[in-house]
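*Asks:* sequence and predicted model, in that order:
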Amino acid sequence: MDNVYQHFRKDEAAFIDQAQSLIAQAAAEYRPLLTDFLDPRQQYITRVLAGSVDGVKVFAFGGYPHAERCRVILAPDYFTPQPQDYELSVLAINYPEKFATLHHSSILGTLANAGIQRDLFGDIITNGHAWQVVVAASMSQWVQANVTRLGKIGVRLVPVALDDILSPQNDWEPLATTLPSLRLDAVVAHVFTMSRQRAKGLVEGGKVRLNFAATTRPDVEVAAHDIVSVRGFGRLRLQSLLGKTKKDKLKVTVDVIHK
């Protein structure tokens, strides 16, 4: 694909190189290859890149329908993946529900601080009281042995069958709107109804994450399938770009979770 980098952000170049290498390997060796967990934007990039390579299909699965973070299989035409091919492990978090409350951020922080690379665990899900985390099967025993506390709360992580994965709460609300630009501060300001200056301050203050990674650049452009988390306000996911209005504003569809 000629000059593929011009279609993506500069900071995505390393991932593009990695994805292209795996796609080429899958095509050359005519066998399925499994990635680590990819966020929605990375999955989108992988599908775009694979679309230009004959004979390579892209399959994604994160343990349940519409999972955000998924492992991807790059496979030849003959291959039909089964759930076990994604090598996932679902761990239920046993904790004293009557005396403690868990939060997504504390679970994510504990896993990250334990030294687990982000691409080795997937979604952290809840149905409102029970919690589970999806991890790469190769990490399951290590996580069970080493994650015994979430903050001050003693926990035990117990493997459950993939069929017993929770049906997570779906708090995403669809929104069709227009944006003045795709700058991160502009998107945050518009979706969460605040001034551009305040949104810029949140970004520069380290309170905004783009695809789960911290960024302090208010001018970085949000792209399709990006997820933006704003501490204290919620999350947004840019679903699609639908062209421009007569006044040159960008028509978009966004999913939003308000805190």
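*Replies:* On my side now, so go ahead.
*Asks:* what is the burial count for the closest residue to K259 other than its chain neighbours?
*Replies:* Nearest residue to K259 in three dimensions, chain neighbours excluded: G234, at 4.5 Å (C-beta to C-beta, 6 or more residues apart in numbering). For every residue, glycine as well, the C-beta is placed using N, CA and C. With neighbours defined by other C-beta atoms under 10 Å, the count for G234 comes to 16.
*Asks:* what does the longest helix along the chain contact?
*Replies:* With DSSP state H applied, the helix covering the greatest number of residues in the chain is identified as helix 13-29. Helix 13-29 is touched from outside by 4-5, 8, 32-33, 35, 42, 45-46, 49-50, 53-56, 74-76, with contacts defined as C-beta atoms under 8 Å, 6 or more residues apart in numbering.
*Asks:* and the buried ones among the residues you listed, selectable in ChimeraX?
*Replies:* Here is the ChimeraX command that selects the buried residues among the contacts of helix 13-29 (16 or more other C-beta atoms under 10 Å):
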select :8,32,35,42,45,46,49,50,53,56,74,75
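*Asks:* how about the contacts made by the residue nearest to K259?
*Replies:* Contacts were defined as C-beta under 8 Å, 6+ apart; by that measure G234 touches 192, 256-259.
*Asks:* give me that answer again for 6 Å
*Replies:* Under the criterion of C-beta atoms under 6 Å, 6 or more residues apart in numbering, the neighbours of G234 are 257-259.
*Asks:* any chance of the residues you listed in JSON lines, plus pLDDT, secondary structure and neighbour count?
*Replies:* Supplementary listing: the contacts of G234 in JSON lines, determined by pLDDT from 0 to 100; DSSP: H, G, I helix; E, B strand; the rest coil; neighbours: other C-beta atoms under 10 Å:
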{"residue": "I257", "pLDDT": "90", "secondary structure": "strand", "neighbour count": "15"}
{"residue": "H258", "pLDDT": "87", "secondary structure": "strand", "neighbour count": "12"}
{"residue": "K259", "pLDDT": "82", "secondary structure": "coil", "neighbour count": "10"}
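*Asks:* need the residues you listed in JSON lines (columns: distance to S105).
*Replies:* Conversion of the contacts of G234 to JSON lines gives the following (distance: C-beta to C-beta, whole Å):
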{"residue": "I257", "distance to S105": "13"}
{"residue": "H258", "distance to S105": "16"}
{"residue": "K259", "distance to S105": "11"}
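*Asks:* now, which of those residues sits nearest K247?
*Replies:* If you rank those by distance to K247 using C-beta to C-beta, H258 comes first, at 27.0 Å.
*Asks:* relative to Q144, how far out is that closest one?
*Replies:* Taken as C-beta to C-beta, to the nearest Å, the spacing of H258 relative to Q144 amounts to 34 Å.
*Asks:* give the partner strands of the lowest-mean-pLDDT helix or strand in the chain in its sheet and their orientations.
*Replies:* Every helix and strand in the chain was compared by mean pLDDT, DSSP states H and E; the lowest is strand 213-214, with a mean of 84. Here the strand partners of strand 213-214, with direction, are listed using DSSP bridges: strand 208-210 (antiparallel).
*Asks:* who's in contact with the partner strand?
*Replies:* For strand 208-210, the surrounding residues in contact (C-beta under 6 Å, 6+ apart) are 202, 228-230.
*Asks:* now pLDDT and neighbour count too, for those residues, in TSV please.
*Replies:* Written out in TSV, the entries for the contacts of strand 208-210 read as follows (pLDDT from 0 to 100; neighbours: other C-beta atoms under 10 Å):
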residue	pLDDT	neighbour count
L202	97	22
V228	96	24
S229	94	20
V230	96	21
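*Asks:* return the subset of the residues you listed lying in strands.
*Replies:* Those of the contacts of strand 208-210 mapping onto strands are 228-230, per DSSP state E.
*Asks:* distance to L210 added to those residues, as a markdown table?
*Replies:* Written out in a markdown table, the entries for the ones in strands among the contacts of strand 208-210 read as follows (distance: C-beta to C-beta, whole Å):
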| residue | distance to L210 |
| --- | --- |
| V228 | 6 |
| S229 | 8 |
| V230 | 10 |
